[in-house]
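Q: Can you look at this prediction? I've put the sequence above it.
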Amino acid sequence: MVKVGLEIHGYLLTNEKLFCPCKVSHGLKQAKPNTNICPICTAQPGAKPMLPNKEAIKKAIEISLILNCKINEKLVWQRKHYDWPDLPKGYQNTISGVHAIPLGERGEFLGIKIRECHLEEDPAAWNPKTGEIDYNRSGSPLIEIVTEPDFDSSEKVVEWLRQLVITLGYIKAFDKSSGIKADVNISLPELKGERVEVKNVNSLKIIQQAIEYETERQKNETPKVQETRMFDEQKGITKKMREKEQAQDYRFIAEPDLPIIKLEKSRIEKIKSSIPETPLEKLKKLVKRYKINKKSAEVLTKKLEIIEFFEKVVEKINPKLAVSWVAVELLSVLNYNK
């Protein structure tokens, strides 16, 4: 049986970058290349990071809480070193690594264990064909969600990710317009093969294709060493990039230019109290309290604005009429008018 774990990267919904006041530029906020930049996010000599974006930290806490993670109150920034053209400093600032304490850990979401959630900065956008680099993205705040290898099929991965995106949409902490990227870790323990990581897979359809291809490949070519591969969308196959890096290859060290972040319990509790019910909680309430069929309830709970509107309407109107009007008539008008 295949075992699959995910490392999910998503942009936090903020106006500014993580360590400088430059505007974020991704998803719906795309800008002309190299216009939202400064000496900090392009790593000019002598430039030092500002204190981390307060809103980014708040949103990372919200995501960790909705995934039922334990929030750690002391966070130490690390330098993760690697040599790629998209990384102007030669290292990435992150709250991860062998000596780091993650923002959130030991969580669970829809039956899948969450190993950790941590905050980090995004590299720039490098085009390997032209050699061009766009630094607009450099320094944007990212959340990384790392699961345990609890998935046993590509279908379960896709459905879980779909529910994750819907749920994070409720707290408006996650920029859905930019999509998600995932590193997919795949292994076949029964064959005693090593784990293979497929890097930077960026849509649900492609994630499913990558898992299915790699599972079949490993049945015929049992991996003897851990390796990193990429997915060729045109050919529908994975290709070896390199043998898998170990933690020591990144030479993690504590970041001397950034202070330790200390989170007060009162701040964590205040954020926790502001988090709305999840789609699953809303779904159960609709089915139990209003006797709404599950299919209609799933339609209503896809967007927080729709379900909150429905909950106000149903206070005044028969639930059966309200469901028909909101889930069918209203949504068709909204979709028609984009």
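A: Thanks, I have the structure now.
Q: going forward, measure contacts and count neighbours with C-alpha atoms only.
A: Will do.
Q: three-state assignment of residue 335?
A: helix (DSSP: H, G, I helix; E, B strand; the rest coil).
Q: shouldn't residue 85 be in contact with residue 126?
A: Yes. The criterion here is C-alpha atoms under 8 Å, and residue 85 meets it with residue 126 at 6.8 Å.
Q: what touches both of these two?
A: Shared contacts of residue 85 and residue 126 (C-alpha atoms under 8 Å, 6 or more residues apart in numbering): residue 133.
Q: low-confidence ranges in this structure?
A: 244-249 (pLDDT under 70).
Q: Mind doing that once more with 80?
A: The model of the chain has pLDDT under 80 over residues 27-29, 98-99, 128, 176, 179, 242-250.
Q: where along it do the helices fall?
A: Secondary structure of the chain (DSSP state H): helices located at 54-66, 154-171, 204-220, 265-274, 279-290, 294-300, 304-313, 319-324, 331-336.
Q: Going by neighbour count, which residues of the third one are buried?
A: Right, helix 204-220. 204, 206-212, 214-215, 218 (16 or more other C-alpha atoms under 10 Å).
Q: And for the fifth one?
A: Of the residues in helix 279-290, those scored as buried under the neighbour-count criterion (16+ other C-alpha under 10 Å) are 279, 282-284, 286-287.
Q: Which neighbouring elements make contact with that helix?
A: Under the contact criterion of 3 or more C-alpha pairs under 8 Å, 6 or more residues apart in numbering; DSSP states H and E, helix 279-290 touches helix 154-171, helix 294-300.
Q: Between helix 154-171 and it, find me the angle.
A: 80 degrees (axes from the mean of the first three to the mean of the last three C-alpha atoms, to 10 degrees).
Q: picking that back up, would you turn the helices and strands packed on helix 279-290 into a markdown table with mean neighbour count and distance to residue 7?
A: Shown next, in a markdown table, are those (neighbours: other C-alpha atoms under 10 Å; distance: least, C-alpha to C-alpha, whole Å):
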| stretch | mean neighbour count | distance to residue 7 |
| --- | --- | --- |
| helix 154-171 | 17 | 11 |
| helix 294-300 | 18 | 27 |
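Q: To residue 46, which of the ones you listed lies closest?
A: When the helices and strands packed on helix 279-290 are compared by C-alpha to C-alpha, helix 154-171 sits nearest residue 46, at 37.5 Å.
Q: which one of the buried residues of helix 204-220 sits closest to residue 133?
A: Distances from residue 133 to these, taken by C-alpha to C-alpha, are shortest for residue 206, at 25.1 Å.
Q: got the contact list for that closest one?
A: Contacts of residue 206 by C-alpha under 8 Å, 6+ apart are residue 233.
Q: repeat for the one 5 residues further on
A: Residues near residue 211 by C-alpha under 8 Å, 6+ apart: 154, 184, 186.
Q: quick one: the first one from residue 22, how far?
A: In this structure, residue 154 and residue 22 are 38 Å apart, going by C-alpha to C-alpha, to the nearest Å.
Q: How about residue 254?
A: From residue 254 over to residue 22 (counting by C-alpha to C-alpha), the distance is 25 Å.
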